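What follows is a protein structure lacking sequence information:
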């Protein structure tokens, strides 16, 4: 007898969803026991790591990843990571187990209550098939929904459904293939040409929505035509432009007053693949100086509809920018170089403690240009941006919504999807504790990720914010109630999870380790944690 499980696996095979990320429970036993050999099962020891790994895999593979979660407990543990996947626009097909359909009315042990509502608005689609035979079609529909809306699509399946007989005709209520048009409306391009040709000092702002080869090439042509600077959005989760390019100006500040200063000399701003504008914390005042006009190009309607722009064009950014570059009037080259020079921090003086910029500069001197840097070190992010520029698409990846616990599992997922590409995760020691279990998966599945832990023994970004807040309060103290944690040793925890690790206390130890490890990053299969003491 052909079962619903058989039909569901065939749907996954059809779409290439043969890698399954999971931390399963009893409600998934009937699905996963005697798994066919062509399906790869990847275990993580916490659901946050499960979804984080799947998110990295989906972004690097440019296709949905399949996630399997255990009823209320599993889905509940995963909600924060699912929220990050949604904001990072990572397509996921999420199977959530449920108790046996035949006695759900009696509220059995492990029954999931309101599973369709548990993740809130973060899923792009949620479905509870009305009968077992509808499960394969729901999975196919979830694949298309996740792809179209770029986020997690959830299908809730009672455990007895998998053993039910499939429909005789195997009818699947979803298309076998969806072809999405990528054409550009010439009338929209006409409006943009008029908008930009009237500018005296245009500037481009890019974001995560242009992190691909076609968009980078089109934007480079456009920047050459406009002869203006290209800025990366603040808090960008991916690099929208080659950051070693002569037209790259840096990363926009997130506060309104500094944003106005940076953009003050420009009368027209063209945001491409980025909202207008990401900020934190709140500051009073306008985003830009009076009279400055803003246009946005994005393929995300929500991003366009929520941006305070004079003109919004919803279309594929690469295609629009390529046409703009052909049609705009060429401008004279600027008198000065746009890309700012970055000072190399050198080595510590004497036996002085290492600073974050020294670690990043040592990495930058050694890593190949196609290295993927996955970042989760908030207190040193500005230095990382300055010293470790993204030089190829997917060169930089971070959590778009700012939640911790993404960096390490996402780097593992990226390496699983692109095993021949060097992957370096840079995480803080505080950030490390949010998904430390992912190191077990890195070792178990032989993913050669280099994890550089910036160990300063404190929540440095929180300390900084407390001081800033204190400057605005009457007492002016800015004191924080949380303690430091200099006794934390991530390297020891990593060793307990079966992941090789080294504690690095001096700059010379760091250089020795990087000279040994970095040349192996493309082909290595063993992960390594460098627990680096920084001030």
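Received, thanks. On a predicted model such as this, the values are computed, not experimentally measured, just so you know.

Verify the contact between residue 38 and residue 13 for me.
Yes. Checked against C-beta atoms under 8 Å, the pair residue 38 and residue 13 is within contact range at 7.2 Å. Any C-beta I mention is one placed from the backbone N, CA and C, and that applies to glycine too.

and those two? which has more neighbours close in?
Shown here are residue 38 and residue 13; by other C-beta atoms under 10 Å, residue 13 has more neighbours (13 against 8).

any idea how far residue 134 is from that one?
Plainly put, residue 13 is 19 Å away from residue 134 if you go by C-beta to C-beta, to the nearest Å.

Can you give me every residue that contacts the nearest residue to residue 291 once chain neighbours are set aside?
Spatial nearest neighbour of residue 291, chain neighbours left out: residue 267 (6.8 Å); criterion: C-beta to C-beta, 6 or more residues apart in numbering. Contacts of residue 267 were listed using C-beta atoms under 8 Å, 6 or more residues apart in numbering, and they are 199, 200, 201, 202, 291, 292, 293.

Strands - which of those land there?
Judged by DSSP state E, strands contain the following of the contacts of residue 267: 202, 293.

Looking at the contacts of residue 267, which is nearest residue 34?
Among the contacts of residue 267, residue 202 lies closest to residue 34 (C-beta to C-beta), at 60.9 Å.

Neighbours of the closest one, how many?
25.

who does it bridge with?
For residue 202, the residues forming beta bridges with it (DSSP bridges) are residue 268.

any idea how far it is from residue 279?
Counting by C-beta to C-beta, the gap between residue 202 and residue 279 amounts to 22 Å.

neighbours around the closest residue to residue 22 other than its chain neighbours, how many?
Taking C-beta to C-beta, 6+ apart as the measure, residue 22 lies nearest to residue 68, with 3.8 Å between them; neighbours along the chain are not counted. By other C-beta under 10 Å, 24 other residues sit near residue 68.

What residues of the lowest-mean-pLDDT helix or strand in the chain count as buried?
Taking all helices and strands of the chain together, the one with the lowest average confidence (mean pLDDT, DSSP states H and E) is helix 460-470, at a mean of 79. By neighbour count on 16 or more other C-beta atoms under 10 Å, the buried set for helix 460-470 is 460, 461, 463, 465, 466.

What count of nearby residues applies to the closest residue to the fourth one other than its chain neighbours?
Yep, that's residue 465 we're talking about. The spatial neighbour of residue 465 that comes closest, neighbours along the chain excluded (C-beta to C-beta, 6+ apart), is residue 281 at 8.0 Å. Applying other C-beta under 10 Å, we find 9 other residues in the vicinity of residue 281.

Any chance of the backbone angles for residue 281?
phi -80, psi -180 (degrees, to the nearest 10).

picking that back up, which of the buried residues of helix 460-470 sits closest to residue 399?
Nearest to residue 399 among those is residue 461, at 13.5 Å by C-beta to C-beta.

okay but that closest one is in contact with residue 356, surely?
No. At 11.8 Å, residue 461 and residue 356 do not qualify as touching, with contact defined as C-beta under 8 Å.

any residues in contact with both of these two?
Where contact means C-beta under 8 Å, 6+ apart, the residues bridging residue 461 and residue 356 through contact with each are residue 379.

which stretches of this protein have low pLDDT?
Scanning the chain with the threshold set as pLDDT under 70 gives 169-170, 335.

end to end, how far does stretch 346-356 reach?
Taking C-alpha to C-alpha, to the nearest Å, the first and last residues of stretch 346-356 lie 11 Å apart.
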